[in-house]
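*Asks:* Following is a predicted model, sequence given first.
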Amino acid sequence: MSDPTGSGGMDGQAGRNLPPLRLHVPEPPARPGESADFTHFDIPAADAAPRPDEAAQPGDMRDMAYGLIRVLNEEDAAVGAWNPRLPPETLLRMLRYMALTRAFDARMFRAQRQGKTSFYMKSTGEEAVSIGAALALSRDDMCFPSYRQQGILLARDWPLVDMMNQIYSNTGDRLKGRQLPIMYSAREAGFFSISGNLTTQYPQAVGWAMASAARGDTRIAATWCGEGSTAEGDFHSACTFASVYRAPVIMNVVNNQWAISSFSGFAGAEATTFAARAVGYGIAGLRVDGNDILAVYAATRWAADRARSNAGPTLIEHFTYRVEGHSTSDDPTAYRSAEEGSLWPLGDPIARLKAHCITLGIWDEDRHAAMDKELAELVRDAAREAEKNGILGHGLHHPMESMFEDVFEEMPRHLHEQQQQMLDEWKAAGL
């Protein structure tokens, strides 16, 4: 006869001789003042990963979520089944766009430190994630980025001055100062409005992709989030819908090892890979060397071809490293080893592609130095042009009443009343 008390017939004494339960709290491998150590990372050879057919069933390729797709080897050669065999002109475009992204970041970082804007986020060391994907996607595919994919806009040749106007929240800002700096919106570039709320873009991307399929369109969606954001409910809701409806979407998880002050272990990195999130949902999962732009390009192109052939979504984990602080509001030396960035075993994406191009004989150090100088001047000139429209430190750039506009096609009566009340109080305060 069963024991309804669940005590095992021991009058509530079950387990009294067992050791007490303990809670596991993840700890990063190195804290400030300690030596960084990445020897525990299993980095396979560049030609080790097989390349499954784009229409493969997710269950038949689950090992792809635990390996690491690499193309560039230690001799700076492109090898293996994932080698996209790109022509020289494409390789040099990739190199230029990554260098432009870094030059843009450097200039805008200095602008924030000079008080010209309130906030900025660099993508140093992660340029391959956005540039590789942007060049692998079609120009009219819709991107739903997070806040570190400015490279997508740059690779789609969006005007630098327009991006800077948004950062400065000046009179040239098409968003009229309503968005936090770096939260761009460019519909014409297939770049959905960035949100500061983590992972809201995931269900939006899946919904957009479902709508594209329902209309019989040919465009697909791609979205990005950080590894910590995979703990958000929106991420899992998006995965469910993407799996059930086989939405033509690419879901990118940028595993750069750190959130603003907590390492990836708090999102589950100690237990498994982030690409493995795909396995439980029946989604194709790929794990990619995020500092190898050829691997990023190849994986994104594979996933795009899969989506366009109605074979379903793909989740790609980009294994990379955040070299700089989370943002201009962050001091990474307060929570991680100062030497980590220089010891990252997968290197720098720009340096790796540069070395590959030199090995091929299509590039050299002198041309690279000249390109860096040209891009620095290009970004400098764009910044000077944008600053003619004002900078954040100059104060209000848009009329106060504009905060009530652009919500409805015709402003309803109650908003007219609130707008007038605000203007009356503004005037009474002598402002």
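*Replies:* The structure has been received and is ready for your questions.
*Asks:* Can you report phi and psi for the closest residue to residue 348 other than its chain neighbours?
*Replies:* Once flanking residues are discounted, residue 348 sits nearest to residue 125: 6.4 Å by Cβ to Cβ, 6 or more residues apart in numbering. In short, each C-beta sits where N, CA and C put it, glycine included. Dihedral pair for residue 125: phi 90, psi -10, per degrees, to the nearest 10.
*Asks:* Please apply the same query to residue 324.
*Replies:* Main-chain torsions, residue 324, degrees, to the nearest 10: phi -90, psi -180.
*Asks:* Tell me who's in contact with it.
*Replies:* For residue 324, the contact set (Cβ atoms under 8 Å, 6 or more residues apart in numbering) comprises 122, 124, 125, 332.
*Asks:* The first one and residue 110 touch, don't they?
*Replies:* No. In terms of Cβ atoms under 8 Å, residue 122 does not count as a neighbour of residue 110; the distance is 11.1 Å.
*Asks:* Between these two, point out the one with more neighbours.
*Replies:* residue 122 (24 against 12; other Cβ atoms under 10 Å).
*Asks:* domain assignment for this protein?
*Replies:* Using the TED database, the domain parsing of the chain gives 58-398, 401-430.
*Asks:* Please work out which of those is packed deepest.
*Replies:* Among the domains of the chain, ranked by average contacts under mean count of other Cβ atoms under 10 Å, first place goes to domain 58-398 (a mean of 20).
*Asks:* and the end-to-end length of it?
*Replies:* 51 Å (Cα to Cα, to the nearest Å).
*Asks:* could we number from 46 for the rest of this?
*Replies:* With 46 as the first residue, the last one maps to domain 103-443.
*Asks:* how about the helices in the chain?
*Replies:* Ranges of helices within the chain are 133-158, 172-181, 195-200, 205-213, 246-259, 278-290, 322-326, 338-353, 385-388, 394-405, 410-432, 458-473, based on DSSP state H.
*Asks:* which one of those helices lies closest to residue 79?
*Replies:* Judged by Cβ to Cβ, the one of the helices of the chain that comes nearest to residue 79 is helix 385-388, at 9.9 Å.
*Asks:* on that earlier part again, hmm, the residue nearest to residue 393 is touching residue 389, no?
*Replies:* Yes. Counting by Cβ under 8 Å, residue 170 does reach residue 389; the two are 7.4 Å apart.
*Asks:* Mutual contacts of these two, please.
*Replies:* 336, 366, 368.
*Asks:* which residues touch the last one?
*Replies:* If you count contacts by Cβ under 8 Å, 6+ apart, residue 368 has them with 169, 170, 386, 389.
*Asks:* What of the second one?
*Replies:* With Cβ under 8 Å, 6+ apart as the criterion, the residues that contact residue 366 are 170, 171, 301, 302, 336, 385, 386, 389, 391.
*Asks:* what comes into contact with stretch 445-456?
*Replies:* By Cβ under 8 Å, 6+ apart, the residues outside stretch 445-456 that reach it are 221, 223, 460, 461, 463, 464, 467, 468, 471.
*Asks:* hmm, 7 Å instead?
*Replies:* If you take Cβ atoms under 7 Å, 6 or more residues apart in numbering as the criterion, stretch 445-456 is touched by 221, 460, 463, 464, 467, 468, 471.
*Asks:* quick one: the nearest residue to the third one once chain neighbours are set aside from residue 214, how far?
*Replies:* Residue nearest to residue 463 in three dimensions, not counting chain neighbours: residue 449, with 6.8 Å by Cβ to Cβ, 6+ apart. Using Cβ to Cβ, to the nearest Å, we find residue 449 at a distance of 18 Å from residue 214.
*Asks:* how far is stretch 62-78 from where the chain is centred?
*Replies:* Relative to its chain's centre, stretch 62-78 lies at 30 Å (Cα atoms, centre = their mean, to the nearest Å).
*Asks:* just for the stretch 346-476 of the chain, where's the confidence low?
*Replies:* Scanning the stretch 346-476 of the chain for pLDDT under 70 picks out no residues.
*Asks:* Report pLDDT for residue 48.
*Replies:* Looking at residue 48, its pLDDT is 55.
*Asks:* one step back: mind checking which of the domains of the chain is nearest residue 82?
*Replies:* Among the domains of the chain, if distance is taken as Cβ to Cβ, the winner is domain 103-443, at 8.1 Å.
*Asks:* ok, the contacts of residue 369 vs residue 424, which is closest?
*Replies:* When the contacts of residue 369 are compared for distance to residue 424 (Cβ to Cβ), residue 167 wins out at 13.5 Å.
*Asks:* tell me the contacts of that closest one?
*Replies:* Residues in contact with residue 167 (Cβ under 7 Å, 6+ apart) are 150, 154, 369.
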